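Novice: Provide a 3D model corresponding to the input given below.
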Amino acid sequence: MASAPYSANRVLYLVAILFNLAERWRLLPRGSNPARDVEEYCETARERYLSELEIRRLGKALAAAEADEPEKVAAVKLLLLTGCRRGEIFSLRWQDIDRERRLLHLADSKTGPRPVMLSSSALAVIDRIPERHDVWVFPNPTKDGPVREMRKFWGAVLKAASITNLRLHDLRHSFASDGVAQGIPLYTVGKLLGHRQASTSQRYAHLADDPLRAASERIGAHLAGVMGAGVASGTAVIRARG
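Specialist: Have a look, this model is predicted:
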């Protein structure tokens, strides 16, 4: 699987977990895990964030699709407005929603149980979701359980919005990048995303420079303007005296 390093690493993790469990359950002897000494392929971290223009186009495309696919539109909006992972939103249950405290209580998150803060915008999206199932907020239309994929719908939305090369997971990155760009500390953004370790949030660290750069530019422009006016004024005075 050298041609697909990302998929190869996922398979390696799966094999490692299976054999670790087998050893723990004493089905195999300790040290028999064949994945133990296999090195992972290097992966290039992908960073794709929506620009403001793309967010506007996405909003228009979702608004146009809402009449026919209200649940799928709501799922996409919640991914962007909460920064949750796809599985966390797709498997959302009505009992997980705490409107009074404005929280989602995620019992089966990637990093364990965790609360997710709901903004007023996210709550408004939830309030418009049709309650078509007793358990699942986004039920699977053809099988029992929650929805698993919406590739066809997502592809149609991206086409209508003239957006390319964007995964549903990139909405989580867009949530984080927007927060960092607004000056919210990396630690806080990491807590909103459910990161256990602060180092996980460091992928967004370079974005923290943007508000600092803008502030520096604003201060510098003002001071340079004042100095320029003062120099010009002083020169005029000197010439008048001369």
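Novice: give me the most central residue, this protein.
Specialist: Arg172 (1.0 Å; Cα atoms, centre = their mean).
Novice: tell me the secondary structure for it?
Specialist: Secondary structure, DSSP: H, G, I helix; E, B strand; the rest coil: Arg172 is helix.
Novice: so who does it touch?
Specialist: Applying Cβ atoms under 8 Å, 6 or more residues apart in numbering, we find Arg172 in contact with Leu79, Gly83, Cys84, Arg85, Leu193. Using the backbone N, CA and C atoms, a C-beta is placed for each residue, glycine as well.
Novice: what about it, distance to Leu62?
Specialist: The gap separating Arg172 from Leu62 is 17 Å, by Cβ to Cβ, to the nearest Å.
Novice: nearest residue to Cys42 other than its sequence neighbours?
Specialist: Pro5 (7.0 Å; Cβ to Cβ, 6 or more residues apart in numbering).
Novice: measure the one you found to Ala224 for me?
Specialist: 49 Å.
Novice: looking at those two, which is more packed in?
Specialist: The residue with more neighbours, out of Pro5 and Ala224, is Pro5; 14 against 10, by other Cβ atoms under 10 Å.
Novice: what is the burial count for Ile55?
Specialist: As a burial measure, Ile55 scores 17 neighbours (other Cβ under 10 Å).
Novice: can you tell me the closest non-neighbouring residue to it?
Specialist: The shortest distance from Ile55 to any non-neighbouring residue, by Cβ to Cβ, 6+ apart, is to Ser174 (7.5 Å).
Novice: contacts only, for the residue nearest to Leu168 when sequence neighbours are not counted.
Specialist: What sits nearest to Leu168 in space, not counting adjacent residues and going by Cβ to Cβ, 6+ apart, is Arg86, at 5.1 Å. Residues near Arg86 by Cβ under 8 Å, 6+ apart: Leu79, Leu168, His169.
Novice: hang on, isn't the last one packed against Cys84?
Specialist: No. Using Cβ atoms under 8 Å, His169 is not in contact with Cys84, being 10.3 Å away.
Novice: look at these two and report which has more neighbours.
Specialist: Cys84 (26 against 12).
Novice: three-state assignment of the more buried one?
Specialist: Of the three states, Cys84 takes coil according to three-state DSSP.
Novice: just the buried residues of stretch 80-88, please?
Specialist: Across stretch 80-88, burial judged by 16 or more other Cβ atoms under 10 Å covers Leu80, Leu81, Thr82, Gly83, Cys84, Arg85, Arg86, Glu88.
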